[in-house]
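Participant: Have a look at this fold, sequence not included:
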């Protein structure tokens, strides 16, 4: 009961000292201290909201284009991806899984050209692993995969049927009961086939570059009807014929989806025809290094435009069907890796480690934080550094609080001495001045939260524009998060409360005789 009375009159006396009317200087200094705390809190709240906004915005943009976990294989060949998808897709943490292929190509339209990353995806993966459907601003994804499309066979892989004759030959050679004339007959048949192929090739050589006679052309045309001679109603096809080279009908072209910035740079619209060229084509090389005759440049049809909100993706990323990418890259039924999305983002790191252990040494995994470690580390360091710098404003305001309390103590030495002489304990006097410091901190913090919150709400509403070529995003991101407010309030109150301990302790330890010495 006595302890409660001490706290009660400590609070009353402390508030009375703050509102002293005898000398306006004390009240003015108190007001300055409150304003200093409010400015520091407002600045800290704004900085934390903006840096957190950058961090979350970059994370959302990156995860909208990249999956939560990537499964890769050492080396260039990853052909057993169906087995990996079947195994990993059964894990309860996995929300979606799909293969992908990615490679660097050159995209051209007329005289305009640029280097892009071509990512081959599946229609299922687009909906379950990526955020591409939500990022579309023009066109759609319905025609991403052409009807009847199938994976491309690797030109380096010889079909099993081509080796049957050699296996049969070996089986016959190992069979002692097989008559000699059967073996010779089998060799003779194989030799006959080789000779026929050679003769056919030799017969074709004299006709290369030979101009047909008019009578031969009329005989060929006479066998065709009007439907066979009718050209498709495609202006681009007719334009190609007039230039001496026929073009494939645009409806039959494979589909691609380009970013908003890339579309603006090349002047692309939905339905346009573009050409994809391998950067190795000029060197006479293929991406697979096999020297095959696969197409090194190919035309595509723009079926959509997406906006990821991240300049790096909007200006340099192109989506196409996985099968078309495999055919363009000339690597057969091969993928770069398998990407998956999890239900809980926080479990991605542990899941990646577990998948790597289950699949074995030929595979390795990357979660989203590892894939963009440099970016997110830089953002975290920047956030901490700015928080410490802006927090110095609150430290300066805390020194104002200390100065205010010291001036009040010097002015109230006589009253402190009287309280001590009347039996007030050190704790009571300590509470009187602690109340003043805490009140300054609370009032300044509340004022700063209101001012800072208003600034953040205004920035969020006007979407302050930024140069995407410099900041990678087109507007200033801010986050109105309760956690940011709580952190700011906690830092401010902690600094203000700690700053009151020294002057309050000095006042509590003051002897009554010191306060009455010069009276």
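Facilitator: Nice, thanks for sending it over. As the structure is a computational prediction, the values presented were derived from the model and not from experiment.
Participant: shaky segments in the stretch 201-350 of the chain?
Facilitator: Within the stretch 201-350 of the chain, the ranges that satisfy pLDDT under 70 run 201-247, 279-296.
Participant: Would you map the helices across it?
Facilitator: Taking DSSP state H, counting those that start in this stretch to define them, one finds helices in the stretch 201-350 of the chain at 214-222, 226-229, 235-242, 260-266, 311-316, 322-329, 348-359.
Participant: Show me which positions of the fourth one end up buried.
Facilitator: Within helix 260-266, the residues that qualify as buried by neighbour count (16 or more other CB atoms under 10 Å) are 260, 261, 262, 263, 265, 266. Every residue, glycine included, has its C-beta placed from N, CA and C.
Participant: same question, the longest one
Facilitator: Buried residues in helix 348-359, defined by neighbour count with 16+ other CB under 10 Å: 348, 349, 351, 352, 355, 356, 359.
Participant: Would it be right to say that residue 105 lies in a strand?
Facilitator: Yes: with DSSP: H, G, I helix; E, B strand; the rest coil as the criterion, residue 105 is located in a strand.
Participant: So which elements touch the longest helix along the chain?
Facilitator: Counting residues, the longest helix found in the chain (DSSP state H) is helix 24-65. Helix 24-65 is packed against helix 2-18, helix 132-135, helix 368-371, helix 373-411, helix 426-462, helix 482-508, with contacts defined by 3 or more CB pairs under 8 Å, 6 or more residues apart in numbering; DSSP states H and E.
Participant: For residue 29, which of the ones you listed is the nearest?
Facilitator: Nearest to residue 29, of all those, is helix 373-411, at 4.8 Å by CB to CB.
Participant: what is the rounded mean pLDDT of the helix or strand immediately after the closest one in the chain?
Facilitator: As assigned by DSSP states H and E, the chain's next helix or strand after helix 373-411 is helix 413-421. In this model, helix 413-421 has a mean pLDDT of 76.
Participant: Which positions in helix 413-421 come out as buried?
Facilitator: Of all the residues in helix 413-421, those buried under the rule 16+ other CB under 10 Å are 413, 416, 417, 419, 420.
Participant: What's the local residue count around the residue nearest to the fourth one when sequence neighbours are not counted?
Facilitator: Among residues not flanking residue 419 along the chain, residue 429 sits closest, at 6.3 Å (CB to CB, 6 or more residues apart in numbering). Burial of residue 429 is recorded as 24 neighbouring residues (other CB atoms under 10 Å).
Participant: Next, the contact list for residue 429, please.
Facilitator: 416, 419, 420, 504, 507, 508, 510 (CB atoms under 8 Å, 6 or more residues apart in numbering).
Participant: Identify, from those residues, the entry nearest to residue 383.
Facilitator: Ranked by distance to residue 383 (CB to CB), the contacts of residue 429 are led by residue 504 at 33.8 Å.
Participant: Contact partners for that closest one?
Facilitator: Neighbour list for residue 504: 405, 429, 430, 432, 433, 434, 437 [criterion: CB under 8 Å, 6+ apart].
Participant: And these, which is closest to residue 330?
Facilitator: In terms of CB to CB, no member of those lies closer to residue 330 than residue 437, at 73.8 Å.
Participant: give the contact list for the residue lying closest to the closest one once chain neighbours are set aside.
Facilitator: Closest residue to residue 437 apart from its sequence neighbours, by CB to CB, 6+ apart: residue 500 at 2.6 Å. When the contact criterion is CB under 8 Å, 6+ apart, the partners of residue 500 are 401, 402, 405, 433, 434, 436, 437, 438, 441.
Participant: Just the buried residues out of the residues you listed, in PyMOL syntax.
Facilitator: In PyMOL, this line selects whichever of these come out buried by 16+ other CB under 10 Å:
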select buried, resi 401+402+405+433+434+436+437+438+441
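Participant: And residue 101, how far from residue 322?
Facilitator: Taking CB to CB, to the nearest Å as the measure, residue 101 falls 6 Å from residue 322.
Participant: Oh, that last question was meant for residue 253, not what I typed.
Facilitator: Using CB to CB, residue 253 is found at 17 Å from residue 322.
Participant: Kindly report the same for residue 471.
Facilitator: Residue 471 sits 33 Å away from residue 322 when distances are taken as CB to CB.
Participant: higher neighbour count, the two?
Facilitator: A side-by-side neighbour count of residue 471 and residue 322, using other CB under 10 Å, places residue 322 first with 25 against 13.
Participant: The more buried one contacts residue 120, correct?
Facilitator: Yes: between residue 322 and residue 120 there is a contact under CB atoms under 8 Å: 4.0 Å.
Participant: any shared contact partners between those two?
Facilitator: Contact criterion CB under 8 Å, 6+ apart; residues shared by residue 322 and residue 120: 100, 101, 335.
Participant: what mean pLDDT does the helix or strand the first one falls within have?
Facilitator: Which is residue 100. Using DSSP H and E, residue 100 sits in strand 94-109. Averaged across strand 94-109, pLDDT comes to 92.
Participant: Now do that strand against helix 348-359: the angle between them, please.
Facilitator: Between strand 94-109 and helix 348-359, the angle comes out at 90 degrees (axes from the mean of the first three to the mean of the last three CA atoms, to 10 degrees).
Participant: Direction included, what does strand 94-109 pair against?
Facilitator: strand 112-121 (antiparallel), strand 273-277 (antiparallel), strand 337-342 (antiparallel) (DSSP bridges).
Participant: among those strands, which is the most enclosed?
Facilitator: Ranked by mean neighbour count under mean count of other CB atoms under 10 Å, these are led by strand 337-342, which reaches a mean of 24.
Participant: Closest to residue 331 out of the buried residues of helix 260-266?
Facilitator: Among those, residue 262 lies closest to residue 331 (CB to CB), at 24.2 Å.
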